[in-house]
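J.: Sequence and computational prediction follow.
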Amino acid sequence: MGHGVTVDLSTENRTLGSLSGKMIALGTTLAVLGLIGTLALGNLEGAFGGHEVESSGAAQDSAAGDGHAAADAGDHAPIHGFVTEWSIWHPYLVSACFFLTMTLGGLFFVLVHHITNAGWSAVVRRLAEGVSRNVVLMALIFIPLLFPDSMGSLYKWMHPDLGDEVIAVKSSYLNYNWFLIRLAIYFAIWITFAWSYHRSSVAQDRDGDVQRSSRMSRMSPVGVALFAMSVTFAGYDLLMSLDAHWFSTIFGVYIFAGCVLSFHALLALIVVFLQANGRLTRAISDDHMQDIGKMMFAFTVFWAYIAFSQYMLYWYANIPEETIWFVRRQSTWMWGFWGWVMVVGHFFVPFLFLVSKHIKRKRATIALGALWVLAMHWADMYYLVMPQISNGTEFPFTFVDITILMGMAGIFIIGLALSLRGHSLIAEKDPRMSESLAFENA
Amino acid sequence: MSAEMNNSVEVHTITAETATDAKAVLMLAEFETADQLMEAATSMRDQGFKLWDCHTPYPVHGLDSAMGIRPTLLPWIVLCGGFAGFCGGLLMQGWMNAVDYPFLISGKPFFSIPASIPVAFELTILLSAFASFGGMLALNGLPRFYRPHFRSDRFRRATADRFFISIDGRDRQFDIGANSKLLRELGANAVEVIEE
């Protein structure tokens, strides 16, 4: 009566089935459109043309293509820790980090729900495992970024200005080879955990071995510790080192907040999408949606807390080498406006929107909130990468930003379809499944 | 008349010793299991009772909707409390630092948003907590030192292993004969009336 009524899993449509074909078709369309758009619009922006002419010359030419070292190599040349010239790799990095953070959020979800032996999340954990496996795809997406040319057009520490002592001091850490090794380590950690947790979970579908769950639980603290280190340093390497002079010890936590927030938004969208197509319509209930919404709400607040912690300490201490990062983001109206979009759009709007229980339980409203959060997460990544262009004085938005995003979204969707097909969409024989199916918010 | 008498069920009446003009103020029905209580609560709700309540030794999932309890006003009270804390925190600091006693600290503006956020944030939390605690007490009519329920010895088991439905004497459908019959039919193993 009323309570304790569980859904019979065998009556649920719980495989991707024909949906995977549709997802792959959609993904391919997006990827092709994104590629064509990027090539066409990128040509208009001179992203490819100029490069070809230059690359016929010395390799140094393109590496020094930030306009400063080349233009005024005299005594009064400003020494920057960042590249000021736009390149196609800037929007590429924004999009790649946008999807990478989401994927890593999925991995964190899997690990942390094993650590806590969480009951409620068993019905959606397979979806998180599917998302986390996309990290393989992200490794492929990051490969083009790792060539010296593309690295040089993003990171000033690849070719520091003459007399740049700050970068000289950091060069034992910030150098090309060590950077590649570190990225290889990060991806190795992520791929290992994403893959093994997914494999073990799918194997449990077949044999129902409870030992698998306890083994995964036992391993997950190791996973989370490695995850914390790797995400922190990946944030430092990929995004913070864009300005090699600047540093923020909280930056890794900031990236982590974005990871978890954006993943829960993605998870809500995946659930809404699957249920709209008749998958897991009853297994994932309003109560599960409410919990996903709660996590979105919590990490909206957490993100704001971390973002403000970083901001306020630098604002209060007012040390030039620390504030310069924010000065660049506040001295022009457009980046100042973008900053307010972050404050209002990334915190106040989702905070007030997601605070209500009814919003979190209705599919249409939670999907709207999730889309908004994802848009804001993209804006956040953009805010981390782009203001270094022209020292923040020019607005670097081009339609390549959109087309690259579209292309990667296509690839991401294809990856998700491949990752989720061929097995159940739900961890069938998870020992916590009946608890999860019966889960109700008090 | 006699048919009614035969149909009536056993009702144990407890009367307050100090009562001069004893009147029924409460009706208690004891149930063995949570499932019985849920069923009974659903039925009570459908019969249109208003001033009644359920008493359980532990939270029973789904009882709220079985009883037809309307969503509480409390979240809105908490929201108002939090909002008041946030705005109040900003206003307080603005008035103190920039108006009442301007004091230059490390070259910062007398009033600035970043410096004011931590206090405003803490006050948001504080007044939200006060609003939720105070609002909860007020909405529940607490603190209250006495309720007629306490006259029943049986009712003590509501904190251990029994489930109770109580009907307030002021409910428009309060009728000892009809209600006790109904409660018995719903599975109550004892019905008590408290007079005072």
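T.: Sure, I can see it.

J.: what helix or strand is residue 118 on?
T.: This is for chain A. Following DSSP states H and E, there is no helix or strand that holds A:Ala118.

J.: Sorry, I should have been clearer: chain B.
T.: Per DSSP H and E: helix B:113-139 holds B:Pro118.

J.: Partner strands of the next helix or strand after that helix, with direction?
T.: Following helix B:113-139 in sequence order, the next helix or strand is strand B:163-168 (DSSP H and E). Strand pairing for strand B:163-168, using DSSP bridges, gives strand B:24-31 (antiparallel), strand B:52-55 (antiparallel).

J.: May I see the ones you listed organised as CSV, with mean pLDDT and distance to A:Ala265 added?
T.: The C-beta positions use only the backbone N, C-alpha and C, and glycine is treated the same way. Output for the strands paired with strand B:163-168, formatted as CSV (pLDDT from 0 to 100; distance: least, Cβ to Cβ, whole Å):
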stretch, mean pLDDT, distance to A:Ala265
strand B:24-31, 88, 45
strand B:52-55, 89, 39
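
J.: In the helix holding B:Pro118, which residues are buried?
T.: Neighbour counts using 16 or more other Cβ atoms under 10 Å in any protein chain shown place B:115-117, B:120-121, B:123-124, B:127-128, B:131-132, B:135 of helix B:113-139 among the buried residues.

J.: restrict those residues to contacts with chain A.
T.: Checked against chain A using Cβ under 8 Å from any Cβ of the partner chain, those yield the following neighbours: B:115, B:117.

J.: between the buried residues of helix B:113-139, which is closest to chain A?
T.: Nearest to chain A among the buried residues of helix B:113-139, counting by Cβ to the nearest Cβ, is B:Ile117 at 6.2 Å.

J.: pLDDT wise, what is the residue nearest to that closest one when sequence neighbours are not counted at?
T.: Leaving aside its chain neighbours, B:Ile117 sits nearest to A:Phe308 (6.2 Å; criterion: Cβ to Cβ, 6 or more residues apart in numbering or on different chains). A:Phe308 carries a pLDDT value of 94.

J.: Beyond the strand or helix carrying A:Phe308, next helix or strand please.
T.: Assigned by DSSP H and E, A:Phe308 belongs to helix A:286-317. Note on helix A:286-317: by DSSP H and E, the next helix or strand toward the C-terminus is helix A:320-330.

J.: any idea of the angle that following helix forms with helix A:286-317?
T.: Orientation of helix A:320-330 against helix A:286-317 (axes from the mean of the first three to the mean of the last three Cα atoms, to 10 degrees) gives an angle of 120 degrees.

J.: centre of the chain versus helix A:320-330, how much separation?
T.: 24 Å (Cα atoms, centre = their mean, to the nearest Å).

J.: got the residues of chain B near chain A?
T.: B:34-35, B:38-39, B:42, B:59-63, B:65-66, B:75, B:79, B:106-108, B:114-115, B:117-118.

J.: at 10 Å what do you get?
T.: B:33-39, B:41-42, B:59-66, B:71, B:75, B:78-79, B:82, B:105-108, B:112-115, B:117-118, B:121 (Cβ under 10 Å from any Cβ of the partner chain).

J.: Could you pick out the buried ones from those residues?
T.: Buried members of those, counted by 16+ other Cβ under 10 Å: B:34-39, B:41-42, B:60-64, B:66, B:78, B:82, B:115, B:117, B:121.

J.: So which of those sit within helices?
T.: B:34-39, B:41-42, B:63-64, B:66, B:78, B:82, B:115, B:117, B:121 (DSSP state H).

J.: For those, which two are the farthest from each other?
T.: B:Gln36 and B:Ala115 (59.6 Å; Cβ to Cβ).

J.: What's the first helix or strand after the helix-or-strand element of chain B with minimal mean pLDDT?
T.: Ranked by mean pLDDT, DSSP states H and E, the weakest helix or strand in chain B is helix B:2-7, scoring a mean of 41. Heading C-terminal from helix B:2-7, the first helix or strand you meet, by DSSP H and E, is strand B:12-15.

J.: I'd like to know which elements that following strand is packed against.
T.: Under the contact definition 3 or more Cβ pairs under 10 Å, 6 or more residues apart in numbering or on different chains; DSSP states H and E, strand B:12-15 sits against strand B:24-31, strand B:190-195.

J.: mind giving me TSV with these and columns for mean neighbour count?
T.: Formatted as TSV, these follow (neighbours: other Cβ atoms under 10 Å in any protein chain shown):
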stretch	mean neighbour count
strand B:24-31	23
strand B:190-195	21
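
J.: Redo those strands as TSV? Include distance to A:Leu238.
T.: Below are these laid out as TSV (distance: least, Cβ to Cβ, whole Å):
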stretch	distance to A:Leu238
strand B:24-31	62
strand B:190-195	70
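
J.: tell me the centre residue of chain B?
T.: B:Asn140 (4.0 Å; Cα atoms, centre = their mean).

J.: rewinding a little: quick one: contacts for the residue nearest to B:Ile117?
T.: When contacts are counted by Cβ atoms under 10 Å, 6 or more residues apart in numbering or on different chains, A:Phe308 touches A:315, A:343, A:347, B:114, B:117-118, B:121.

J.: so for the helix holding B:Pro118, what's the average pLDDT?
T.: 94.

J.: before we move on, what about stretch A:352-364?
T.: 92.

J.: how far out from the middle of the chain is stretch A:19-35?
T.: 20 Å.

J.: hang on, I meant stretch B:62-73
T.: 11 Å.

J.: Outside of it itself, list whatever touches it.
T.: Contacts of stretch B:62-73 (Cβ under 10 Å, 6+ apart): A:1-5, A:357-358, A:440, A:442, B:34, B:37-46, B:48-50, B:52-54, B:56, B:60, B:135-136, B:138-140, B:163, B:165.

J.: before we move on, the earlier item: who does the helix holding B:Pro118 touch, helix- and strand-wise?
T.: Counting by 3+ Cβ pairs under 10 Å, 6+ apart, helix B:113-139 packs on helix A:286-317, helix B:74-94.
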